[in-house]
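A.B. asks: Any chance you can model this:
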Amino acid sequence: MQSIRNIAIIAHVDHGKTTLVDKIIDQAHILDERKVRTELLLDSNDLERERGITILSKNVSIIYKGVKINIIDTPGHADFGGEVERVLNMADGVLLLVDA
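C.D. replies: Numbers count the residues shown, from 1 in each chain. Prediction:
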């Protein structure tokens, strides 16, 4: 049986949550490096790309030392607090990203 951990990334709006997830994806080598890709992979919604914010939570899974880690990118804007609260109920832990 494989160990699974659900980790939510939380931070204020525009503090780099989605950029951090993009870099984790790069380091995990889970995408085909031969294909051209855009930044902010998880912000796939047109409105999210236009405004530069995460509106709907999304996840990506990586395997690290035999543990499947589901990383959940959450919205940072106060208007989407309900979405964050819903996700936190599913998470085993959080990664708090602080930009000083």
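A.B. asks: ok, residues contacting stretch 5-16?
C.D. replies: 17, 20-21, 52-53, 57, 67-77, 84, 87-88, 90-99 (CB atoms under 8 Å, 6 or more residues apart in numbering). No exception for glycine: its C-beta is placed from N, CA and C like everyone else's.
A.B. asks: Tell me the buried residues within those.
C.D. replies: In terms of neighbour count (16 or more other CB atoms under 10 Å), the buried residues within these are 17, 20-21, 53, 57, 69-76, 84, 87-88, 91, 94.
A.B. asks: This structure: helices as residue ranges?
C.D. replies: Assigned by DSSP state H, the chain shows helices spanning 17-28, 46-51, 81-88.
A.B. asks: could you say what helices and strands the last one packs with?
C.D. replies: Meaning helix 81-88. Counting by 3 or more CB pairs under 8 Å, 6 or more residues apart in numbering; DSSP states H and E, the packing neighbours recorded for helix 81-88 are strand 3-10.
A.B. asks: Quick check: neighbours of the strand it packs on in the sheet, parallel or antiparallel?
C.D. replies: Taking DSSP bridges as the criterion, strand 3-10 pairs within the sheet with strand 67-73 (parallel), strand 93-96 (parallel).
A.B. asks: okay, and the helix or strand of the protein with the least pLDDT?
C.D. replies: When each helix and strand of the chain is scored by mean pLDDT, DSSP states H and E, helix 46-51 comes last, with a mean of 66.
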